[in-house]
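Peer 1: No sequence on hand, only this structure:
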């Protein structure tokens with residue numbers, strides 16, 4: 001069997017049977033480093049892609065990584081099987097003796113064990129062996145952000161090992177031997193205070209007290225100049241001790257420890273534990289950096305995400321580093337079987353485990369806390385506090401003396417421990433797809449998983465990558481080996497109540513019971529918000545959406561969502577948007593149906609529809625080039641609106657909520673909802689048109705037409721036929737577009753409502769303009785203006801007047817056009833309507849351009865752009881830039897024209913205005 005020797009602690013080296021293997025620099029070396037950094041553990045494909053490519057992800061990155069793995073395997077030759085494929089992940093299998101980082105860790109662990117036994121000389125020798133693995137900076141010949149991060153971590157670990165080795169030498173009385181070495185180290189790491197503290201101790205013990213004090217003053221100056229900081233507590237204590245001439249005692253043989261009880265209270269680790277390599281490394285790091293302090297870390301996350309499993313797994317992994325024992329307490333903060341535990345009772349149990357006789361345990365809580373901390377002060381102990389309710393429940397149980405480490409798990413975020421106790425925190429997320437797959441496979445067996453590969457993936461998706469759900473389903477499948485996994489997947493996907501499939505006879509493991517414990521702890525508002533989450537059709541929601549569901553103020557809704565976030569019942573994935581896991585959403589629906597009367601559910605649903613309708617209308621007005629739209633009136637009581645302030649925010653809101661809005665359009669409406677359905681379709685129409693979504697516009701307007709017909713709403717039918725015509729034009733079916741407009745005209749003549757007739761003719765104007773039939777567009781605009789004037793709609797009257805002016809200018813009727821724009825300018829000024837002023841100057845600019853008054857055209861366009869930019873109406877400002885480009889091109893300044901068109905193009909891209917984007921790109925391609 002070939003021998004393998006791999007080294008990361010210096011230049012990257014791979015040797016097989018003593019011969020060097022040339023690993024290509026770049027991606028191959030980076031992938032190798034990633035796999036070896038996590039040697040013998042599964043590294044998900046997604047993690048490798050992120051580490052190799054960062055934000056600059058190529059097309060089909062998974063294939064790229066697979067090709068890189070292939071290169072690495074070819075380089076390993078006979079040892080190619082060391083790189084294993086595990087589902088959608090990879091693992092490099094390697095023995096401790098074959099990899100320098102594993103040898104270093106083994107010597108480090110051996111040193112800790114020897115020190116705990118009082119064998120300081122051997123412990124120092126083990127650290128020397130660990131440090132001897134370094135041949136220079138880790139991965140010294142490699143480059144890239146991922147490699148740099150690995151390098152920094154390893155090199156920081158080397159300095160920590162060096163500090164511990166020198167500290168052991170000082171304990172062994174080797175003061176004079178390390179003074180010169182420390183002087184050289186401090187010269188390089190001149191702001192690393194621990195090295196200076198060790199140097200001061202060595203100098204003082206060697207009789208060079210003045211030099212020790214001078215080293216402190218020099219460090220103090222360096223810290224102030226380079227970091228603006230003061231010396232830390234450790235080094236100031238050393239300085240004070242030197243001033244008091246507190247020489248360290250001469251080394252003595254360690255005294256035999258007094259008999260004491262060593263608790264070993266950790267529960268059994270789950271033998272099928274899967275994944276969480278990143279979190280385990282983080283916990284390892286927290287432990288390393290807590291050296292010399294009372295370390296504290298917390299793991300938070302939703303119920304069933306695996307907090308306890310991770311805590312227990314890691315605690316067993318590091319138990320050997322705590323020779324005085326390991327304490328474990330279930331605080332039952334969210335336990336389905338019992339109420340939360342009392343601090344006094346917990347401390348009494350822990351003191352008994354530590355060997356304190358019952359008669360010595362005081363009655364009062366404060367006295368018990370004092371005794372507990374005193375007993376732990378001289379011990380190196382690991383304390384695991386599981387299932388904490390909040391920070392107040394945890395604080396009395398925290399050791400304060402250096403040497404101990406406390407790990408807390410909770411569904412609450414325990415922000416108080418971070419703020420006041422300096423806790424390190426891990427927010428435990430759902431399993432990655434690779435780890436979720438691996439966890440299920442460990443339950444059902446690899447052969448069965450490979451035989452039904454697709455159903456396994458469907459089951460993982462149905463369980464939402466939640467460890468508790470995967471464990472229960474895996475256990476059920478393992479107990480029923482003859483049951484088809486495809487049938488199980490179909491059952492999970494089709495059931496209306498997923499908990500019927502996931503139910504466990506063990507209440508502590510039943511998802512419904514686990515979620516219920518968090519739910520029952522909620523305040524009234526938060527509990528209402530939790531239930532209402534089950535009514536929202538999207539994957540996430542905003543504060544105004546929740547306020548509308550609750551019929552509450554946005555302040556109350558936000559407070560409720562913050563409370564839900566604090567106990568991990570919802571997640572705030574980005575600013576202002578909250579999401580809920582699918583299984584939690586199913587439980588929320590259960591609670592909604594069980595606890596909320598049908599009429600209240602219906603009222604909440606109607607408020608939510610109204611929220612979407614009014615918010616869509618607001619976004620539509622901000623994005624529509626000329627403004628305007630359906631008059632919805634004021635929103636009903638209890639309906640909050642999305643605070644959309646400008647066109648950019650409107651475009652972003654449409655993009656985020658688009659699928660939900662389409663879903664609302666597709667759901668079957670009751671007769672009373674028909675009007676809202678076609679109104680929502682109207683508010684969506686301009687967004688769809690600007691994005692070239694002809695097929696979706698057709699489907700939405702067909703649904704709107706059906707709803708309007710069912711509701712007997714003739715006006716809604718006219719509007720829907722008008723927008724169906726626009727959809728057919730986008731799809732290239734001009735004949736059907738004409739037919740739809742004729743139906744709209746026939747209805748408007750029968751309906752005899754001036755506004756409806758104006759809308760139809762305005763639609764005819766728009767369609768004719770898109771087909772470059774300027775005279776037809778002008779005729780239709782005149783008819784629209786007549787009807788809107790009769791209807792008394794000031795806004796649409798002037799909107800159609802602007803269309804008359806624009807198309808009149810295009811056909812050479814400059815005087816008529818100028819008169820139209822002058823009327824608009826006067827009306828806009830009188831009404832205080834700056835957008836109207838901007839559009840008037842656009843019209844004057846067009847006239848000047850057509851009359852070859854290029855300077856006049858540019859002046860008018862500049863005034864229009866100033867108006868639109870001041871109002872933050874980017875679509876109109878971008879269109880003006882496009883028109884400026886047209887003038888510059890006509891004048892012969894092609895470079896300047898292209899610059900303006902590119903600015904317009906940039907905004908069209910941001911807004912997703914595909915028709916406008918296509919138009920301006922046609923101009924750019926013709927340069």
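Peer 2: Nice, I can see it. These figures come from a predicted structure and were not determined experimentally.

Peer 1: contacts, neighbours, all on C-alpha from now
Peer 2: OK.

Peer 1: Now do stretch 598-610, average pLDDT.
Peer 2: Average pLDDT, stretch 598-610: 90.

Peer 1: That one: which residues count as buried?
Peer 2: Residues 601, 604, 605, 606, 607, 608, 609, 610 are the ones in stretch 598-610 that count as buried (16 or more other C-alpha atoms under 10 Å).

Peer 1: cool, and stretch 172-186?
Peer 2: Neighbour-count burial for stretch 172-186 flags 172, 173, 174, 175, 178, 179, 182, 183, 185, 186 (criterion: 16+ other C-alpha under 10 Å).

Peer 1: contacting residues around the residue nearest to residue 678 when sequence neighbours are not counted?
Peer 2: Once flanking residues are discounted, residue 678 sits nearest to residue 704: 4.2 Å by C-alpha to C-alpha, 6 or more residues apart in numbering. Residue 704 sits next to 665, 674, 677, 678, 679, 681, 716, 717, 720 when contact means C-alpha atoms under 8 Å, 6 or more residues apart in numbering.

Peer 1: pLDDT score for the third one?
Peer 2: Right, the one you point to is residue 677. pLDDT, residue 677: 83.

Peer 1: That one and residue 663, how far apart?
Peer 2: Applying C-alpha to C-alpha, to the nearest Å, the value for residue 677 to residue 663 is 11 Å.

Peer 1: Which element, helix or strand, includes the residue of the chain positioned farthest from its centre?
Peer 2: No residue in the chain sits farther from the centre than residue 815, which is 58.1 Å out by C-alpha atoms, centre = their mean. Per DSSP states H and E: residue 815 is located in helix 814-831.

Peer 1: Number of residues surrounding the residue lying closest to residue 618 once chain neighbours are set aside?
Peer 2: Using C-alpha to C-alpha, 6+ apart and skipping the chain neighbours, the partner closest in space to residue 618 is residue 644 (7.3 Å). Neighbourhood size, residue 644 [other C-alpha atoms under 10 Å]: 17.

Peer 1: Same check on residue 97?
Peer 2: The number of residues packed near residue 97 is 14, by other C-alpha under 10 Å.

Peer 1: for residue 2, same thing?
Peer 2: 9.

Peer 1: State the distance from it to residue 72.
Peer 2: Where residue 72 is concerned, residue 2 sits at a distance of 17 Å (C-alpha to C-alpha).

Peer 1: Repeat that for residue 526.
Peer 2: 53 Å.

Peer 1: Likewise for residue 540?
Peer 2: 42 Å.

Peer 1: With residue 203 instead?
Peer 2: Distance, residue 203 to residue 72, using C-alpha to C-alpha: 51 Å.

Peer 1: between the two, which one's more packed in?
Peer 2: The residue with more neighbours, out of residue 203 and residue 72, is residue 203; 23 against 20, by other C-alpha under 10 Å.

Peer 1: Contacts only, for that one.
Peer 2: Residue 203 sits in contact with 175, 176, 179, 209, 211, 212, where contact means C-alpha under 8 Å, 6+ apart.

Peer 1: What is the nearest of the buried residues of stretch 598-610 to residue 290?
Peer 2: Ranked by distance to residue 290 (C-alpha to C-alpha), those are led by residue 608 at 49.7 Å.

Peer 1: So the closest one lies in a strand, does it not?
Peer 2: No - counting by DSSP: H, G, I helix; E, B strand; the rest coil, residue 608 is located in no strand; its state is helix.
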